[in-house]
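Asks: what follows is a predicted protein model with its sequence.
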Amino acid sequence: MPERCDHREMFTRRAVSWLLLALISVGLMFQGAATAQTDPEKTVDLVHLEGLLDPPSIEYLTDRLEAAEDEGVHALVIQLDTPGALDVPLDDTINRILGAEIPVVVWIAPRGAEALSGGTFIAFASDLIFMADDTRIGAASTPNLNSSPVSIDDSAELLMGMAEIAGAAPAQAEQMVRDNVIVSADDALETGTADALASSLGDLLRGMDGRTVVTSSANEGPARDAILETWDETANEGLGALTVTIRFQQLNLWQRILHAVTSPETAFLLLLAGIFGLIFELYNPGIGLAGILGAGAMLLGFYGLSVLPTNWFGVLLMVVAIAFFIIDLQIAGFGIWTIAGVASMIVSGLIVFSGESGAVTVSPWAIAAAVVGSLVFFVSVMTAALRVRLRRPITGEEGIVGQVGIAKTDIAPEGMVLTKGMLWRARTMEMGIAEGDKVEVKATEGLTLLVEPYHEHEPEPEPVES
């Protein structure tokens, strides 16, 4: 028996060893294949920038450009679709692209995309500009949408200088700054602003192939010519084929979160949701999930507000709207205060991001969602939370029937009553009870008290002795 056990143990060890060796071999094979497929000299990095150019997206672009230079990739493509930049070091970014050691291509895509404001400057700083059909470029009078306006003359001079280097029309570049002109893809191609039209990635790579661009050299050496080789027309029986590997780059998780928060709609709704969470927590004491989530949402919302061109009077109107909803909640009715809250919320959404630039606004659907969400929260969620908070046992020593209370509002036929130190929703079958009158609890109906006016009993007169 011991000998058999030894043989079994030896067999098990050998099997495990062979399995580990096989796994290591497979891993090395995949590693070798991945290395072969991502040969830097045959790799094109594609960086996708969509939405407002905020600090996270610009940091991402700079990091990817530096990594691409360190690896020595064939080229870096920036797929661009942006209405402009927000609170970013745009001059540093432009200079970084102008001094890149590898070819940098800006592709304004997909169809309907745009490169406006600061996006125009990033496009002109690149070596080549490709535009999909129905795209636009220009409106560059305000490079940073939420910064103090820079000198128009300086901006025009910078864009015209980059246009001359690229062989584009300096006059059109000047119009983009001084007159805020927006140019279509066809017009940009005609004037040389765009090098070619490309509505698909295949069109882009075919259009890039064979072009020569001038790039900077490492260690401040002389500039060098780089020839792009991205497509082989003779391959695949004349159909053509890629000669490079496309490596799609993505923001990391934290950058994605911060970039998403700088969307006007997201920041507006996050701030509102954060306030709701804190209000719910105040009505249900204790550090619970609602309070934690509310605080987190509010912090993210305020981060978005700090980056966006915020009109803080619009934020104040949001707070006022919520105060109106709370007032109506406390007086047991949804009337004039609720209407005032809805109106304030709508105005808040319309002006909250209109302080500096009309290019950043909250869309109508987000405003509608804020109004509907507020009504649902206060009419349904908070009403239920208030009932739970006010609930007390109604039997035994804590019985509430027969208790005397004070009408905190007019009860006609419903209102609020204070009794035993707690606020209750109440209803009466009488003609009506005025605020401040005493009431007597006659019965309960769920969490609602049925009350009548309280009449103090006068002492009976003592009998007269004869």
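Replies: Here it is on my side, so go on.
Asks: okay, now residue 380: neighbour count?
Replies: Residues near residue 380, counting by other Cβ atoms under 10 Å, number 10. The C-beta positions use only the backbone N, C-alpha and C, and glycine is treated the same way.
Asks: report pLDDT for it.
Replies: pLDDT, residue 380: 77.
Asks: so residue 342 touches residue 321, yeah?
Replies: Yes - in this structure, residue 342 is within contact of residue 321 by Cβ atoms under 8 Å, at 7.5 Å.
Asks: and those two? Which one has more around it.
Replies: residue 321 (25 against 18).
Asks: distance of that one relative to residue 366?
Replies: The spacing between residue 321 and residue 366, counted by Cβ to Cβ, to the nearest Å, is 15 Å.
Asks: contact partners for the residue lying closest to residue 164 once chain neighbours are set aside?
Replies: Counting by Cβ to Cβ, 6 or more residues apart in numbering, residue 164 lies nearest to residue 170, which is 5.4 Å off, once chain neighbours are set aside. Contacts of residue 170 were listed using Cβ atoms under 8 Å, 6 or more residues apart in numbering, and they are 160, 163, 164.
Asks: any common contacting residues for residue 342 and residue 321?
Replies: With Cβ under 8 Å, 6+ apart, residue 342 and residue 321 have common neighbours residue 374.
Asks: hmm, back to that, could you list which of the contacts of residue 170 belong to helices?
Replies: Of the contacts of residue 170, the ones assigned to helices by DSSP state H are 160, 163, 164.
Asks: tell me which of those is nearest to residue 80?
Replies: Distance to residue 80 across the ones in helices among the contacts of residue 170 (Cβ to Cβ) is lowest for residue 163, with 17.1 Å.
Asks: nearest residue to the closest one other than its sequence neighbours?
Replies: Computed as Cβ to Cβ, 6+ apart, the closest residue to residue 163 that is not its neighbour in sequence is residue 173, at 4.0 Å.
Asks: next structured bit after the helix or strand hosting that neighbour?
Replies: With secondary structure defined by DSSP states H and E, residue 173 is part of helix 170-178. For helix 170-178, the following helix or strand on the C-terminal side (DSSP H and E) is strand 182-184.
Asks: where does the prediction get shaky in the chain?
Replies: Per-residue confidence for the chain (pLDDT under 70) gives these ranges: 1-38, 147-150, 217-223, 237-238, 285-287, 331-334, 354-359, 384-399, 446-447, 457-466.
Asks: would you mind giving the domain segments of it?
Replies: Per automatic domain parsing, the domain ranges recorded for the chain read 37-254, 263-390, 396-453.
Asks: quick revisit: Serialize the ones in helices among the contacts of residue 170 to TSV and add fields for distance to residue 127.
Replies: Listed next are those as TSV, based on distance: Cβ to Cβ, whole Å:
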residue	distance to residue 127
160	18
163	13
164	14
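Asks: nearest to residue 241 among these?
Replies: Nearest member of these to residue 241, counting by Cβ to Cβ, is residue 163, at 34.4 Å.
Asks: now do the helices in the stretch 351-466 of the chain.
Replies: Ranges of helices in the stretch 351-466 of the chain, per DSSP state H, counting those that start in this stretch, are 364-376, 382-390.
Asks: now tell me what touches the longest one from outside.
Replies: Identification of contacts with helix 364-376 by Cβ under 8 Å, 6+ apart yields 264-265, 268-269, 272-273, 276, 321-322, 325, 338, 341-342, 345-346, 349-350.
Asks: and the residues you listed, which are buried?
Replies: Among those, those buried by neighbour count (16 or more other Cβ atoms under 10 Å) are 264-265, 268-269, 272-273, 276, 321-322, 325, 338, 341-342, 345-346, 349-350.
Asks: residue 351 contacts residue 313, doesn't it?
Replies: Yes - when contacts are counted by Cβ under 8 Å, residue 351 is listed as touching residue 313 (7.0 Å).
Asks: need the contact list for residue 196.
Replies: Residue 196 sits next to 130, 189, 207 when contact means Cβ under 8 Å, 6+ apart.
Asks: how about the second one: what's its closest non-neighbour residue?
Replies: Think residue 189. Residue 189 sits nearest to residue 197 (Cβ to Cβ, 6+ apart), 6.0 Å away.
Asks: start and end of stretch 186-201, how far apart?
Replies: 18 Å (Cα to Cα, to the nearest Å).
Asks: buried residues, it. List them.
Replies: Under the neighbour-count criterion of 16+ other Cβ under 10 Å, stretch 186-201 has 187, 188, 189, 191, 193, 194, 195, 196, 197, 198, 199, 201 buried.
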